[in-house]
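>>> this one's sequence-less:
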């Protein structure tokens with residue numbers, strides 16, 4: 001299905017390679033529930049790194065979706081990317097991205113949070 005989706009002329013907002021905060025949070029909790037802490041921490045860190053790096057590089061914007069392969073908010077899908085239009089940017093970020101960031105910080109060990117602080 002990834003190959004089919006990746007070659008589709010119209011990129012749908014949920015299609016590969018886009019990552020969504022609710023999916024990430026479910027994945028983390030599932031890994032933690034089954035004892036895969038190291039894997040969960042790595043995926044959490046990668047998600048938070050991507051959000052943090054994009055916010056640092058693009059004036060603090062926290063958009064709705066990210067390309068998780070290229071680790072960028074530059075997503076061109078059927079509905080655009082809510083949060084990257086300057087007339088729509090909220091000062092507090094985008095809802096489920098904020099939730100994923102807060103949950104991720106709570107689940108990460110201190111050494112990963114320190115690495116994020118360096119950004």
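That came through fine. None of these values were measured; they are calculated from a predicted model. Numbers count the residues shown, from 1 in each chain.

>>> let me see the ranges of the helices in the protein.
2-6, 21-33, 37-57, 95-107, 110-117 (DSSP state H).

>>> out of these, which comes closest to residue 64?
helix 95-107 (6.9 Å; C-beta to C-beta). (Each C-beta comes from the backbone N, C-alpha and C, glycine too.)

>>> follow-up on the earlier one: of the helices of the chain, which is nearest residue 73?
Among those, the nearest to residue 73 by C-beta to C-beta is helix 37-57 (4.8 Å).

>>> just put the helices of the chain in TSV and tack on distance to residue 74.
What follows is the helices of the chain, written out as TSV (distance: least, C-beta to C-beta, whole Å):
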stretch	distance to residue 74
helix 2-6	16
helix 21-33	17
helix 37-57	9
helix 95-107	15
helix 110-117	21
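
>>> save those as JSON lines, and put in distance to residue 68 and mean pLDDT too.
Formatted as JSON lines, these follow (distance: least, C-beta to C-beta, whole Å; pLDDT from 0 to 100):
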{"stretch": "helix 2-6", "distance to residue 68": "12", "mean pLDDT": "59"}
{"stretch": "helix 21-33", "distance to residue 68": "9", "mean pLDDT": "95"}
{"stretch": "helix 37-57", "distance to residue 68": "7", "mean pLDDT": "94"}
{"stretch": "helix 95-107", "distance to residue 68": "12", "mean pLDDT": "92"}
{"stretch": "helix 110-117", "distance to residue 68": "17", "mean pLDDT": "94"}
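
>>> and these as TSV, adding mean neighbour count?
Listed next are those as TSV, based on neighbours: other C-beta atoms under 10 Å:
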stretch	mean neighbour count
helix 2-6	10
helix 21-33	15
helix 37-57	17
helix 95-107	17
helix 110-117	12
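
>>> stretch 97-117 spans what distance, first to last residue?
Using C-alpha to C-alpha, to the nearest Å, the end-to-end distance of stretch 97-117 comes to 18 Å.

>>> for that stretch, which outside residues touch it?
21-22, 24-25, 28, 32, 40-41, 44-45, 47-49, 51-52, 62-64, 83, 92-93 (C-beta atoms under 8 Å, 6 or more residues apart in numbering).
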